[in-house]
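Please work out how this folds:
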Amino acid sequence: MTTLEFSSIFGLNFPYTVYVCDVYGLQCVLVAYINTNVPLNNLFALPQQFKMAPALGIKVITSDGCEKFKVLYCS
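Okay, here's the model as predicted:
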């Protein structure tokens with residue numbers, strides 16, 4: 001996987017700060033700052049160290065401090 005695609009973000013208020021991390025939530029790298037509701041098909045390039053990873057952690061933080069973390073398994 002070389003890109004990350006967001007089709008929507010539910011349950012969080014924008015703006016969003018989006019990070020890609022390892023599955024433990026460590027070694028996070030900022031990939032996007034989104035200042036509006038997430039429209040369809042937002043593609044972001046993955047940082048080099050995550051391009052061959054079997055799984056990624058995605059961390060989304062809102063301006064009010066709410067944080068959501070999810071592990072994605074790459075196919």
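
From now on I want contacts and neighbour counts done on CA atoms only, so please keep to that.
Will do.

residues contacting Val60?
Shown in contact with Val60 (CA atoms under 8 Å, 6 or more residues apart in numbering): Tyr16, Thr17, Val18, Tyr19, Glu67, Lys68, Phe69.

where does the third one fall, helix, sheet strand or coil?
The one in question is Val18. Secondary structure, DSSP: H, G, I helix; E, B strand; the rest coil: Val18 is strand.

Who are the contact partners of it?
Contacts of Val18 by CA under 8 Å, 6+ apart are Leu30, Val31, Ala32, Tyr33, Ile34, Ile58, Lys59, Val60, Ile61.

Mind giving me the ChimeraX select for those, buried ones only?
Buried residues within these, by 16 or more other CA atoms under 10 Å, are selected in ChimeraX with:
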select :31,32,58,59,60,61
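
For the contacts of Val18, work out which two are farthest apart.
Spanning the widest gap among the contacts of Val18 are Ile34 and Ile58, at 14.2 Å by CA to CA.

before we move on, the earlier item: need the worst-confidence member of the contacts of Val60.
Lowest pLDDT of those: Tyr16, 87.

rewinding a little: just the buried ones among the contacts of Val60, please.
Tyr16, Thr17, Val18, Tyr19, Phe69.
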